[in-house]
Structure formats: structure tokens, C-alpha cells
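Enquirer: model this:
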Amino acid sequence: MSTIALVAQVVLAFVVTPLLVHSLGVQTYGIWLLLTSLIGQYALFDFGISSAVARFVSAASARNDEAEIHAVVNTALALFAIIGTACLLLTLGLAFFADRLASAPDEVAVVRTCVFIVGSLVAVGFPVRVFQGILKAYLRYDLIAFAGLAKLLLTNLLIWILLRAGYGIVCLAVITALAGVIEYFLTIRFAYRAFPALRLGFGSYRSATRGTLLDYSWRSFILGVTQQIRFKLDLVVIASVLREKSLITHYSIGARFMDQFVELVGNLVGGQLMPVFSRYEGRGEYDLVRDRFLSATRVSTIVSVFFGASLAFYGGAFIERWMGPGFGDSTTILLILVGPFTLALSQTPGVGLLYGLSKHHLLAWICAGAAVVNLTLSVVFAKIYGMNGVALGTAVELTLNFLFVFPVVVCRVAKVPLRTFFADALFGTLAKCLLPLGLYFFAVRQLLEPGYLRLILLVVGQAVVFAPAVFYGVLRKDERELLRGAFRRRSPSAL
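Expert: Have a look, this model is predicted:
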């Protein structure tokens, strides 16, 4: 279900974005992106509590300790009720300063209304995070994905109908709120289905449980803050340094591909690694930890290079066909970011390793330093190179981090020689993948045109060339046998 939701998200984003840009206008859509980006920072006020709920409800359910489950749930609900109220007050303050977000005086009332609607939705949603934590504790990710998919489909359907009918940005805010409320309702219903004995009440609030939740959650909070700074403040930097709302739209078009890139690689490679590494460590099988880490990095590099190179080669033609003329600067943003993101995503298994071996405090400190560097470089470069400088700040930080910091820390934890990691898993794999891709791109470069059918056929041809080259030229014999076994188990004859 999560894969279906991801595919639907990608497809609908590419279908609806041109409608939003052309219906609202580049300037107004930039304002919408800016205000949703600012309100999106409310996620920081989760403080990692939702992940703590999932962790401790899961542990209590394994012991069939309903009293502990109720203590965790109701204590977290009380905390989130306070946080949600604070965010509602913050929304009122943000709405008061709506003139800072608007481009003209006649837009202030409209922007203020949108801020209040969307901010209130997010504030009300904080207690719902507890119910999402319950679903995660009971491994009902399918129900979480279903609720998100329902929201996604309803949002895009209403946008398609109402914006084509001439409605504007306030209607977009109302649609967002309506779909969000439906997602909240489904999440709560599903939580009761996963844990029918759930009872809510202040009587189950425990001060000791509050301390336990907050003690666990601070590392997740640091990671959340740093990730928000690194990847969610670019639009705010553009608005505050360059003061041109239309640039926000153009930047977001190119950067959107990176969001989907991260989601795709994480879904294909990163999801199940943490418990695997934890299991190996628990059994004392450290050789398997090292071997699986290197194998997973090879696979992650293969996937990342394939999609990263595809974005670099086809991205410009796709943007031209997708958004129409006038978005060449969005292609520049894409090209600045795609290489460093490919390098970073190739090392996705390292994140699972640090979590699986309970070394994620190291990841928190790495990300904290990276966030400071990223934000500083983005602001400095924005003043020199404009919009491209914001992307360049992120690109330089990712390159430095994933060449000289992250791999050093991960290899030390995994007890893998750095030379082995770079030569065998990362750069060796990267070079072997780029060779067939480079030859293919060189051969078909004259066929590249901004047409959907042409681009699809080129990608299919690329996959046909790439798959056997990687299977026989990059994967080891044991990895090929593992892959064959997986396909046999999925084949009809094996049923």
C-alpha cells in the first residue's frame, strides 16, 4: 500500500502542479509554497514524541500490558494537546504578519485567511499523531498509507475540479483542510481497529511516562530540526534574501524532483534495513553486519545512479514538456542538486546501520553540523548567485558531508575499512553503473525531445541496457543468486 501511495503521489503531483501554477499564477503559487513551507516548520514541535509513542506502545503490546499502552497514549495526548494549542496561537501571530508574505496590499486578507486555515489544520493534527503512533506500533503501515492515499486523491480531485472552475488560493486552503480532516478521521478510526481496547482519559496520564517519552524523543527531535533546516528552508531563504515570490515557484519545480528521488530510494532500499542490522548485532554476527552493509550500499548505489542519471539526462526535456516554456532555470536547479543527492542516497544503508546499532546519536550530530553549513552556504551563495546559490549551498554541503564525514563515521561503526567501502561498495559500483548509462545517453542524445512518449521509450531502452550490465557486471555471485531466489518466490510456478 505504501508503494501504491508513493506512485500515486508522484503521478498526481506531476499532473496537478502545472494546473496550480497556471491557474494561480507564478507569483500566487509562490506565496502558497512559502506559507505552507513556513507552517510546515510546525513539524519541529513534534519533539520526536510520535516516534516515542510508536516505540513504547510496541514494547507494551508485546507484553500485553494494556495499562502501559493507555499511560503512553494518554500522556502523549496531553503533551500534544498543549503543543497543538501553542501552534494555534502561533498561527494567529503568523496571520497577523501576513503582510510580510503578501506581494501587494490587496493580497493581505487572502494570505491571512490561508495561513489561519492551514495553520489551524496542522495545529489540530498534533493529537492525531498519537493515533498514527499506535498504528506504527502495530505495524499497520498499510492503514496509514490508506488514510494518506484517501487524502491525496480527494485533494487532487477537488483541485482539478475547482481550480479549473476559476477558484483561487483560498479555495486551495479549504481543500487542503477538508482532505486533512478526513485523513485525521480515518487515522483515529484505524487506530481503534488496531487496538480495540483503546480508552482515552486524563486518569491514565503519568508524570513518569512523560519523562520516559521526552527522554527517548530528544534524539529524534534533533534529527527532525536538522533535516528541516537542510531541506525545508530553501524557499524561506529565497523569500527573505531574494524577496521575489516568483522565484519560489521556479525553484520548487526543480527541487520537487529531489523530494521524489529521496522517497523513491528510501522506499526501495531503506525501509527494512534497521531491524536487519539490529538482529545481526543481537546475535553477535558482526561479519554479517559488515557484509550486508556493503551489499546494501552497492544496491543503493545502483538504484540511486540509475534514477539520478535519468533525472540529469531527461529532466530538462521533461520540465519543458511538463511546465511549458519559461522554466529553464528550474532545470538548472535540478542539475545542481541531482549529483550530490545521488551521492547521498547511495549511502542510505548507512543511516539504517546507525539506527540498527543504536548509534543514531552520531547521526544527530552529523546532521546538526550539516544543517549549520547548509544554511550558511545557502544564504551566502544566494547573495552572490541568486536562486542558483540556494541550491548550490545544499549541493556543496551534501558533497562535503557524504565524501568526508558520513562515510568515515559509518565505516568506523561498522568496522569496515574506508578504502574497502569506497572502492568496493560506493565508487567502484558508481563507475560500473555510469559506464553503460553514459554510452547509452551518448548513443540516443539526438533522439531526446520534450515529449512524454519519447521520454518513456528512452527510459525503457535505458533499463533494458542497464539491467543486464548491472546484473552481471556489478552484483556479486551470491547477490545474483539471492535476486534469482526472490524472483522464483514471486513467480506463479512457485505458488
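Enquirer: Quick check, residue 450 in contact with residue 320.
Expert: Yes: assessed by CB atoms under 8 Å, residue 450 is found in contact with residue 320 at 4.1 Å. Every C-beta, even on glycine, is put in place using the N, C-alpha and C of the backbone.
Enquirer: could you pull out the helices for the stretch 51-200 of the chain?
Expert: Counting by DSSP state H, counting those that start in this stretch, the segments of the stretch 51-200 of the chain that form helices are 66-96, 108-124, 128-137, 141-164, 169-194.
Enquirer: Give me the neighbour count for the spatially closest residue to residue 386 that is not a sequence neighbour.
Expert: Of all residues beyond its chain neighbours, the one nearest residue 386 is residue 242 (6.3 Å), with distances taken as CB to CB, 6 or more residues apart in numbering. Other residues within reach of residue 242, judged by other CB atoms under 10 Å, total 18.
Enquirer: residue contacts, residue 242?
Expert: For residue 242, the contacting residues are 382, 386-387, by CB atoms under 8 Å, 6 or more residues apart in numbering.
Enquirer: residue ranges of the helices in the stretch 251-400 of the chain, please?
Expert: Listed in chain order, the helices of the stretch 251-400 of the chain (DSSP H, counting those that start in this stretch) span 273-282, 286-323, 328-345, 348-356, 360-385, 387-404.
Enquirer: Out of the ones you listed, flag the one nearest residue 431.
Expert: With distances scored as CB to CB, the stretch of those nearest to residue 431 is helix 286-323 (9.6 Å).
Enquirer: How far away from the center of its chain is that closest one?
Expert: The chain centroid and the centroid of helix 286-323 are separated by 15 Å under CA atoms, centre = their mean, to the nearest Å.
Enquirer: and the angle for it with helix 328-345?
Expert: Using axes from the mean of the first three to the mean of the last three CA atoms, to 10 degrees, the direction of helix 286-323 lies 170 degrees away from that of helix 328-345.
Enquirer: got the angle between helix 286-323 and helix 348-356?
Expert: In this structure, helix 286-323 runs at an angle of 130 degrees to helix 348-356, with the same axes, to 10 degrees as the basis.
Enquirer: Buried residues, helix 286-323. List them.
Expert: For helix 286-323, burial by neighbour count (16 or more other CB atoms under 10 Å) applies to 289-290, 292-320, 322-323.
Enquirer: Report the inter-axis angle for that helix versus helix 273-282.
Expert: Computed by the same axes, to 10 degrees, the angle between helix 286-323 and helix 273-282 is 170 degrees.
Enquirer: any idea of the mean pLDDT in helix 286-323?
Expert: With pLDDT averaged residue by residue, helix 286-323 scores 95.
Enquirer: And residue 100, how far from residue 106?
Expert: Distance, residue 100 to residue 106, by CB to CB, to the nearest Å: 15 Å.
Enquirer: which of these two has more neighbours?
Expert: Applying other CB under 10 Å to residue 100 and residue 106 shows that residue 100 carries more neighbours, namely 12 against 8.
Enquirer: For residue 134, see how far away the more buried one is.
Expert: When CB to CB is the yardstick, residue 100 and residue 134 sit 39 Å from each other.
Enquirer: Next: residue 237.
Expert: In this view, residue 237 and residue 134 are 37 Å apart by CB to CB.
Enquirer: more crowded one of these two?
Expert: residue 134 (27 against 21).
Enquirer: Quick check: pLDDT value at that one.
Expert: In this prediction, residue 134 carries a pLDDT score of 93.
Enquirer: can I assume it is in contact with residue 194?
Expert: Yes: proximity of residue 134 to residue 194 meets the contact threshold set by CB under 8 Å, at 6.1 Å.
Enquirer: Residue 62: which of the helices of the stretch 251-400 of the chain is closest?
Expert: Where these are weighed against each other on CB to CB, the nearest is helix 273-282, at 14.0 Å.
Enquirer: and that closest one, which residues are buried?
Expert: By neighbour count, and taking 16+ other CB under 10 Å as the criterion, the buried residues in helix 273-282 are 273-274, 276-278, 280-281.
Enquirer: what two of these are the furthest from one another?
Expert: Greatest spacing in these, by CB to CB: 273 and 281 (12.5 Å).
Enquirer: okay, and the common contacts of the two?
Expert: Overlap of the contact sets of residue 273 and residue 281 (by CB under 8 Å, 6+ apart) consists of residue 356.
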